[in-house]
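1. What would the 3D arrangement of this be:
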Amino acid sequence: MQPLTNIQIAVKCTAGIFYFQTQYSLHILLEETGQSDQGMFLRMWKDMPDTMQSSHTAQNLRFASMEDMRNKLNMNSVFTVAQRSFGNATHFYTSSKLCDGSMFYSEIKVANNFQAAIIVTKSVNTRLIPLYQKAIEDICTAF
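-> Below is the predicted model:
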């Protein structure tokens, strides 16, 4: 199905059969075992070629603080490996593991005013990178 996060539902009852279709966020398929240590993150980040990388910009983030953002990402199985501040931005280095074992490694550069974030992601499973980045955006823009 297109997109891959599309789910089709059929409900059969006495009034007939009803068909529904909806999309879900990929983050619901992330496992709680997706946290990498800094050494593993750095090795994977360096070893993966640029062809396994994609960049995405998210707008209008909804956080009270960087700690709030870190906690919200971690609660949704986007685990912070490291966090550094540079000038007017904070960089979160994250790892996640999809239920099929696919790993995602990201650098999320967040402006200190929470107006925008640039999400750069690397993964062997390149076809899912856009859906993963959209899931991070959904987490960052939800109330």
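
2. who's in contact with the closest residue to Ala10 other than its chain neighbours?
-> Ranked by Cβ to Cβ, 6 or more residues apart in numbering and with sequence neighbours excluded, the top spatial neighbour of Ala10 is Tyr19, at 5.3 Å. C-beta here means a position set from N, CA and C on the backbone, and glycine is covered the same way. Applying Cβ atoms under 8 Å, 6 or more residues apart in numbering to Tyr19 gives the contacts 8-11.

3. So which of those residues are in strands?
-> When those are checked against strands (DSSP state E), the matches are 8-11.

4. Including pLDDT, could the residues you listed go into a markdown table?
-> Listed next are those as a markdown table, based on pLDDT from 0 to 100:
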| residue | pLDDT |
| --- | --- |
| Gln8 | 88 |
| Ile9 | 91 |
| Ala10 | 94 |
| Val11 | 95 |
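
5. Can you tell me which of these is nearest Met103?
-> Nearest to Met103 out of the ones in strands among the contacts of Tyr19 is Gln8 (Cβ to Cβ; 28.2 Å).

6. That closest one contacts Phe20, doesn't it?
-> Yes - using Cβ atoms under 8 Å, Gln8 is in contact with Phe20, at 7.3 Å.

7. Can you list the low-confidence ranges for the chain?
-> Within the chain, the ranges that satisfy pLDDT under 70 run 1-3.

8. Show me how far the lengthiest helix in the chain is from its chain's centre.
-> What stands out as the longest helix in the chain, according to DSSP state H, is helix 129-141. Distance of helix 129-141 from its chain centroid, counting by Cα atoms, centre = their mean, to the nearest Å, is 5 Å.
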